[in-house]
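Trainee: Would you be able to build a 3D model of this:
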Amino acid sequence: MQLNDLRPAEGSTKARKRIGRGNASGHGTTAGRGTKGQLSRSGGGKGAGFEGGQQPLAMRLPKLPGFINHGRVEYVAVNVSRLDSVFEDGDVVDSDTLTAKGVIKHNFIPVKVLADGEITKKLTVRVDKISAAAQSKIEAAGGKVEAAC
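Mentor: Next up is the predicted model:
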């Protein structure tokens, strides 16, 4: 047996109904839609979400107030106490080193350093944002804050 010898089993396939191809086909004139009425028309029938005249679910549910700002930037918060526990004296803190040390999951998400806790090590911090209190704590410990690359 060859691939070109393969055929479907007898009676397992059926030709599709070719509607609207003349009366001789048996499916001409009304093309199987019957006569008159909503379903016989082009584009006829009920729309998606129609519930038989009952008020549709989308209209029954309460609408939430406000809006969602799609331009909002979400930052990952990292506290100075976490930097103090994870990094050594003189280290550079940026998104790549934070990812390598397991402080954050991904290095493409913007990072903001917050001032919770204490810091004793001299660190060079290069992150997307930093709070004023965190910056003063890092500089008081002898470290420095640089603009993100």
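Trainee: any idea how far the closest residue to residue 50 other than its chain neighbours lies from residue 45?
Mentor: Leaving aside its sequence neighbours, residue 50 sits nearest to residue 56 (C-beta to C-beta, 6 or more residues apart in numbering; 7.0 Å). To be clear about C-beta, it is placed using only N, CA and C from the backbone, and glycine gets the same treatment. According to C-beta to C-beta, to the nearest Å, residue 56 stands 16 Å off from residue 45.
Trainee: higher neighbour count, those two?
Mentor: Between residue 56 and residue 45, counted using other C-beta atoms under 10 Å, residue 56 has the larger neighbour count: 14 against 9.
Trainee: Can you tell me how far the more buried one is from residue 81?
Mentor: For residue 56 relative to residue 81 (C-beta to C-beta), the value is 53 Å.
Trainee: now swap in residue 17 and tell me
Mentor: Distance, residue 17 to residue 81, by C-beta to C-beta: 73 Å.
Trainee: More neighbours: the two, which one.
Mentor: For residue 17 versus residue 81, neighbours defined as other C-beta under 10 Å are more numerous around residue 81 (15 against 11).
Trainee: Is that one in a helix, a strand, or coil?
Mentor: Here residue 81 is recorded as helix under DSSP: H, G, I helix; E, B strand; the rest coil.
Trainee: Over to residue 78?
Mentor: strand.
Trainee: What sits closest to it if chain neighbours are left out?
Mentor: Of all residues beyond its chain neighbours, the one nearest residue 78 is residue 113 (5.5 Å), with distances taken as C-beta to C-beta, 6+ apart.
Trainee: what about the one you found, which helix or strand?
Mentor: strand 111-114 (DSSP states H and E).
Trainee: Can you list the strands that that strand pairs with?
Mentor: strand 76-79 (parallel), strand 129-130 (parallel) (DSSP bridges).
Trainee: Quick check: longest helix in this structure by residues?
Mentor: In the chain, ranked by residue count with DSSP state H as the criterion, the top helix is helix 132-140.
Trainee: All the strands of the protein, residue numbers only.
Mentor: Here the chain has its strands, by DSSP state E, at 76-79, 92-93, 111-114, 124-126, 129-130, 144-146.
Trainee: could I get those as TSV with mean pLDDT and distance to residue 23?
Mentor: Below are the strands of the chain laid out as TSV (pLDDT from 0 to 100; distance: least, C-beta to C-beta, whole Å):
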stretch	mean pLDDT	distance to residue 23
strand 76-79	96	70
strand 92-93	94	81
strand 111-114	96	73
strand 124-126	95	79
strand 129-130	94	75
strand 144-146	93	83
